[in-house]
Structure formats: C-alpha cells, structure tokens
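Undergrad: predicted model and sequence follow; I will ask about them next.
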Amino acid sequence: MILSASRRTDIPAYYSEWFINRLHAGHVLTRNPMNHAQISKIILSPDVVDCIVFWSKDPLNMMDKLNIIDKLGYKYYFQFTLTPYDKTVERGLRDKDEITKTFCDLSDRIGKERVVWRYDPIILNVALDFTFHKEQFSRLCGRLEGYTEQCVISFVDKYPKLRTDILREISKDEMIELGNMISNTAKEYGIKVKACCEEAYLYECGIERSSCIDKALVERICGYELDVKRDRNQRALCGCYESVDIGVYNTCRNGCVYCYANYSDVSVDNNCKRHDPLGELMVGQVGDNDKITDRDAKSSKDLRAKLF
C-alpha cells in the first residue's frame, strides 16, 4: 500500500505530531469525504505500507521527526511545492528564502531523488506574467540545482468556488510558450520536467507526463517491484498509481488563493479547533452514528518479480 499524506492538506506542516502518533499506534481512522458517517480503519504497519508520499509547501515541522519515521522502518518521499508567489497568493507561508533552505536541508537529509520539486500551479496575470515566471523559475532552478532530480508543473485550474481576480484561464499557446521556457531552463540545471494532469501537447516541449504517486520512484526507494494499478479515482489526465489518502479537506492553513481542498477560512478554523494530536481521526471524534470498517490493507510488493 502506498500512503498519501496528503493531497487534501499539508500534514508535514501542520499535523506532523498527529501523524507520528498514528504511526506509533499502528493505525489511523479516516472519514469518507463523500459520506461523513463512514470511517475506514487503516493499518499503518511498515509491513503493509510500502511507501509514504508526503505533500507539503513547508515541511519544516516534520524535519525533526524524520529519524522517528526512519527508525520505525518506513520508506517515503516528498512532493515539495515551491513557487515564487508572495503572500497575496499563498497567504500563510513563511518567507520563500527560508522555505528554499528547508528544501535543501531536506534533500541533504534524505537524498535529492526523494524530494520532488513542484512548481505549481502556474498562474498567469498582469503581475505574474511570462517574464516573471522566466526570471523566477530560472532563479529557483539555480537555488535547487543538485537538490532535486525533477520538477512537476501544472497550470492553475480556476474552480467555480474560487472567487478571486488573481486567477484566469491560461490558453494553449501560453501553456506551450511557458512549457518550452521551463523545459529549456530546467535542462540547463540538470532537472527533468514533468506535467501533472496536463494535455499531451506539452510533450512536444520535452515535458513528460507526471505520476505524482510514482510507481517507478517507489520501486527505486523500496528496492522491489510493485503490483499496483493506475488510480481510477483521479482525473482523466492523472498518471498517479493507487494510494490511500489519510488527509482531511478544509484543514490546511497555507491560505493559498488557488486551493481546491478548502471551502472557506471559516471551515478551516473550525476544523483546526477540533484537531487532537492524540486522536485517531485528524479532526473530531467518532460519533454514535459513525460506522467503522476495516480497510483491506496489504503490501503491494510484487511477489512474482525478482528483486533488483
């Protein structure tokens, strides 16, 4: 089983203590986002969890806990989002120079192959124009050279619930122009570029399709082959493989104006008040009307394959 922690929230930034407590306990409870009363109990034994995929914009609070994760026997890598946007776009984040240092420190600690740089979502508007991205992407490539092997990009999706003038749709021609610039720039620094949930015309820019839950990378980290399928619950253009996500929507405090995982600041505040670092659930408690079901969990190690 590949554990996703998490597409729905920033566990390394805000819930690392809770996460470590759940690893020690050996299980976690997770509500079905579509059916609040339906709870899954997920076993977290290292014998079951092949790899953990952490998603974060600032995993500083997780850094002092990596030794614990290592000693418990878990394998993992990070999807680390680092953009050049300021607090008008990503309201809750620290200074980006400080976060860049955390990126490099993390890479030094666990290896550059296990820290995937995400330059996403790409936003285009009057202030954040092509020149801005050309300058800032080149600058970040220079800072991250030798600290990562790949960069994942995507273009912003303006969801109906996002009421902001900062975001607009990006045309195909604009995507291709940006794609060529990003691909050529990254190549100068030895960084491979992949696209998350984007159309195939970016392949002509020298950009590959991304699998953020990456079977090949997990196999490389674990040292054995996996028997896993593509994740059919994701968008049509998604290249991810199956995983189990333990995060909760409306709990991330990064404050990004483009966020799909939060409904409102009020919802986030209310959920954060209900968080208990010692709880089985990330938010709240099990109620009388809740139904807990043991989720079938087992290692995805391909027993038919030879070891590397």
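TA: Cool, the structure landed.

Undergrad: in the chain, what helix or strand scores lowest on average pLDDT?
TA: strand 208-209 (a mean of 86; mean pLDDT, DSSP states H and E).

Undergrad: now it: how far from the chain's centre is it?
TA: 17 Å (Cα atoms, centre = their mean, to the nearest Å).

Undergrad: just the mean pLDDT for stretch 178-191, thanks.
TA: On average, the pLDDT along stretch 178-191 is 97.

Undergrad: now do stretch 142-152
TA: In this model, stretch 142-152 has a mean pLDDT of 98.

Undergrad: can you show me the CA trace of it as CSV?
TA: Taking Å, rounded to 0.1, in the frame of the first residue of the first chain, the C-alpha atoms of stretch 142-152 are listed here in CSV:
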residue,chain,number,x,y,z
GLY,A,142,19.8,27.9,-9.7
ARG,A,143,18.9,27.5,-6.0
LEU,A,144,17.8,23.9,-6.3
GLU,A,145,20.4,22.6,-8.7
GLY,A,146,21.8,19.4,-7.1
TYR,A,147,19.0,19.2,-4.6
THR,A,148,16.3,17.6,-6.8
GLU,A,149,16.1,15.5,-9.9
GLN,A,150,12.7,16.5,-11.2
CYS,A,151,10.2,19.4,-11.3
VAL,A,152,6.5,18.8,-11.7
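
Undergrad: element containing residue 293?
TA: Using DSSP states H and E, residue 293 sits in strand 291-294.

Undergrad: all strands of the chain, in order?
TA: 2-5, 27-32, 35-43, 51-56, 76-81, 115-122, 150-155, 192-195, 208-209, 244-245, 291-294 (DSSP state E).

Undergrad: got those strands as TSV, with distance to residue 254 columns?
TA: All C-beta atoms are positioned from the backbone trio N, CA, C, and that covers glycine. Converted to TSV, these look like this (distance: least, Cβ to Cβ, whole Å):
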stretch	distance to residue 254
strand 2-5	15
strand 27-32	21
strand 35-43	24
strand 51-56	9
strand 76-81	9
strand 115-122	13
strand 150-155	17
strand 192-195	22
strand 208-209	26
strand 244-245	17
strand 291-294	30
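
Undergrad: so how far is residue 184 from residue 130?
TA: According to Cβ to Cβ, to the nearest Å, residue 130 stands 14 Å off from residue 184.

Undergrad: contacting residues around the strand holding residue 293?
TA: Strand 291-294 is contacted by residues 29, 37, 38, 39, 40, 41, 286 when judged by Cβ atoms under 8 Å, 6 or more residues apart in numbering.

Undergrad: buried among those? Make that a PyMOL selection.
TA: Those of those that count as buried under 16 or more other Cβ atoms under 10 Å are selected in PyMOL with:
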select buried, resi 29+39+40
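
Undergrad: how about the contacts of strand 291-294 in CSV, adding pLDDT?
TA: CSV is the format used below for the contacts of strand 291-294 (pLDDT from 0 to 100):
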residue, pLDDT
29, 98
37, 96
38, 97
39, 98
40, 97
41, 98
286, 97
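
Undergrad: just the contacts of strand 291-294 now: which is nearest residue 252?
TA: Distance to residue 252 across the contacts of strand 291-294 (Cβ to Cβ) is lowest for residue 29, with 19.3 Å.

Undergrad: quick check: bridge partners of that closest one?
TA: Counting by DSSP bridges, residue 29 forms beta bridges with residue 41.

Undergrad: residue contacts, it?
TA: With contact taken as Cβ under 8 Å, 6+ apart, residue 29 is in contact with 39, 40, 41, 42, 280, 281, 286, 292.

Undergrad: what do you get for residue 21?
TA: Residue 21 sits next to 277, 278 when contact means Cβ under 8 Å, 6+ apart.
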